[in-house]
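S.K.: what follows is a protein structure lacking sequence information:
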DNA sequence: CTTGAACCTCTAGCGACTAGAGGAAGTAGA
DNA sequence: TCTACTTCCTCTAGTCGCTAGAGGTTCAAG
């Protein structure tokens, strides 16, 4: 029996995030104390740990929803879970490939910079002109900042 | 002299995105035709190409704003641009490292799955229990889908 | 002159949270 | 028991970089 704060502490998921998960329906509404505060049991903790771990492995909340449904029905064949994980692996591989191309391009840009004035700056030049790039880093990876 | 559609076609940046860039102020407000439609010149095209290329290389719009300011002032030393690019390279490297750990974990998960019923499914088990993982994939990379 | 494509502004939505306001409940020490 | 302090509650709005859609106007070709 723990409060939302204890649950947060023991799973590493922040308090507002737990409430958000409840709101979007991937975490059950817990019991409440007399005063209306959330009270969780062991089950909720396990479910939340599952969610956290799957998030760390890059699964989307929609995929996690699917995986949780599968986990709740222990007689089902796990082929579906396999497919979800496989899709995720392919996605991760693609992201690595795109990022590796970016890395090469950035490295080249930096190597060629001799830090004179902007007028001759290699970095600005390369950014202005894609044809100076060696690889096709047509990443849609862009703007994807790790939080 | 091109319309927003032509500009879009020649740079590969979608029309609403161009308007969005104008709205947030990284693209100048262009002249307008008599009827009030946007009319662009060569300069805008170059600037937009610069932005697009930098986005492909993973720079945020804030970083691009900085880079554009630098590019506009050709007498400045390019050390600042160097720093921005270097930061980006480090970021990309970190992302690759995190994703590589994820990749290993996902691969292991899939390798061990023999696709019986969920009750014994390795994928569900691993997701439930982080200690079954070999590496520390503490990725905050999660949920970052390439668009 | 008409048709139809391309343009306009505006608002709302995506995913997965995060931040903050304004107030109520729980808890530890005096 | 009182007080102080932390934790909790709900609600709304913001983050990033767009994307989608409504409802209307302008432009260019035939």
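M.R.: Nice, thanks for sending it over. From a predicted model like this one, the values you see are computed outputs, not experimental measurements.

S.K.: and for the residue of chain A found nearest DNA strand C, the neighbour number?
M.R.: Using C-beta to the nearest atom of the strand, residue A:35 is the residue of chain A that sits closest to DNA strand C, at 2.0 Å. (Glycine included, C-beta is placed from N, CA and C.) Burial measure for residue A:35: 5 neighbouring residues, criterion other C-beta atoms under 10 Å in any protein chain shown.

S.K.: for residue A:23, same thing?
M.R.: Residue A:23 sits with 10 neighbouring residues when counted by other C-beta under 10 Å.

S.K.: do you know the pLDDT at the residue of chain A closest to DNA strand C?
M.R.: Model confidence at residue A:35, expressed as pLDDT, equals 95.

S.K.: can you check residue A:24 too?
M.R.: As summarised for this prediction, residue A:24 has a pLDDT of 94.

S.K.: got phi/psi on it?
M.R.: Main-chain torsions, residue A:24, degrees, to the nearest 10: phi -90, psi 0.

S.K.: how near is it to residue A:66?
M.R.: Using C-beta to C-beta, to the nearest Å, one obtains 14 Å as the distance from residue A:24 to residue A:66.

S.K.: so which of the two has more stuff around it?
M.R.: Taking residue A:24 and residue A:66 together and counting by other C-beta under 10 Å, residue A:66 has the greater number of neighbours (15 against 10).

S.K.: quick one: contacts for that one?
M.R.: Contacts were defined as C-beta atoms under 8 Å, 6 or more residues apart in numbering or on different chains; by that measure residue A:66 touches A:80, A:84.

S.K.: that one: what secondary structure?
M.R.: Assigned state for residue A:66: helix (three-state reduction, DSSP: H, G, I helix; E, B strand; the rest coil).

S.K.: what's the helix or strand containing residue A:94 packed up against?
M.R.: Remark: residue A:94 resides in helix A:79-112, with elements defined by DSSP states H and E. Contacts of helix A:79-112 with other secondary structure elements, assessed using 3 or more C-beta pairs under 8 Å, 6 or more residues apart in numbering or on different chains; DSSP states H and E, are made with helix A:61-72, helix A:122-128, helix B:79-112, helix B:122-128.
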